[in-house]
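[1] Any chance you can model this:
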Amino acid sequence: MSGESRAAGLVLTGVFSVQAGAALATTLFDEVGPAGTVLLRTLFAAIVLLAAWRPTLRGHGRSRLELAALFGAALAGMNLCFYEALDRLPLGIAVTLEFTGPLTVAVLGSRRRLDLLWVALAAAGIVLLSGGLGGKGVDAVGAILALGAGALWGAYILISARVGREFEGGTGLALAMAFSAILLIPPGVVAGAEDLVAPGVIAAGLGVALLSSVIPYSVELEALRRLPPGTFGVLMSLEPAVAALVGLIAIGQDLSAVEVAAIGLVVAASAGALRSAAAPPRDA
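    Residues are numbered from 1 along each chain as shown. So this is what the prediction gives:
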């Protein structure tokens, strides 16, 4: 097997891992709510990253620390909005709507007329999901939250490029994740209360953190050393389709033919737009 084939396998492993983590997260919603679940995920991910990179506040100017804090705020808002959307929408639909964030960043970063086609395909997919062309429609609040998560994912992508230039290795991400966990404590504790410390909940929360953050982040870093950004982006564009598959198999979320077609349109649009763009960073 060639190096690129192995790298492609790593990317797909990360994609399936993220969606498996999202499916596992839904099992915690009844006990600790979306806010409590995202707190557990972020807290455990922060602990792993802090242990791995051991960042310190010393040696960083105020502007760098403010950048890390902004990065953490975007991360907290993105994941909280996504989990709140996931509480109202099937996994495949939530991921499809969220993926409009990286798609928008890719299109705005290009000057090719062909990108208008990708915008049109993505727009058609969203119209189908909304029920505008005969679909049954989706929960309006859930859709808004998923699109909000997408917008914050787009901001995350742009901010992460600056963080990568200002901090060595993963120290910036580790600091941002720690700040994100701090921001999520109030809503997470209100939603989860004493259930947050139940052994079963803690074990599931650790599993969500490993599947949704630690594993994909690690394998994607390795894959990016071997794959061109365009190829990476195309593989990442499969996320909505993989999310729909995982939602069906893991938690029994059926989709209508119209919804499947809508997801296919967004996948096609994402693949086209991301092919020549830089790969979107993963929500950690």
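
[2] doesn't residue 30 make contact with residue 192?
    No: under the criterion of CB atoms under 8 Å, residue 192 is not in contact with residue 30, lying 11.0 Å apart. C-beta: built from backbone N, CA, C; applies to glycine.

[3] These two: which has the busier surroundings?
    Neighbours were counted for residue 192 and for residue 30 using other CB atoms under 10 Å; residue 192 has more, 23 against 9.

[4] ok, residue 152 - contacts?
    In this structure, residue 152 makes contact with 74, 77-78, 81, 101, judged by CB atoms under 8 Å, 6 or more residues apart in numbering.

[5] What of residue 273?
    103, 106-107, 110, 115, 118.

[6] which of the residues you listed count as buried?
    Among these, the ones that count as buried by 16 or more other CB atoms under 10 Å are 103, 106-107, 115, 118.

[7] Among those residues, which lie within strands?
    Among these, none falls in strands (DSSP state E).

[8] hang on, the earlier thing: could you dump the contacts of residue 152 to JSON lines with secondary structure and distance to residue 250?
    Below are the contacts of residue 152 laid out as JSON lines (DSSP: H, G, I helix; E, B strand; the rest coil; distance: CB to CB, whole Å):
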{"residue": "74", "secondary structure": "helix", "distance to residue 250": "28"}
{"residue": "77", "secondary structure": "helix", "distance to residue 250": "26"}
{"residue": "78", "secondary structure": "helix", "distance to residue 250": "22"}
{"residue": "81", "secondary structure": "helix", "distance to residue 250": "22"}
{"residue": "101", "secondary structure": "helix", "distance to residue 250": "24"}
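
[9] now, which of these sits nearest residue 15?
    When the contacts of residue 152 are ranked by distance to residue 15 (CB to CB), residue 101 comes first, at 16.2 Å.

[10] Okay then, goodbye and thanks.
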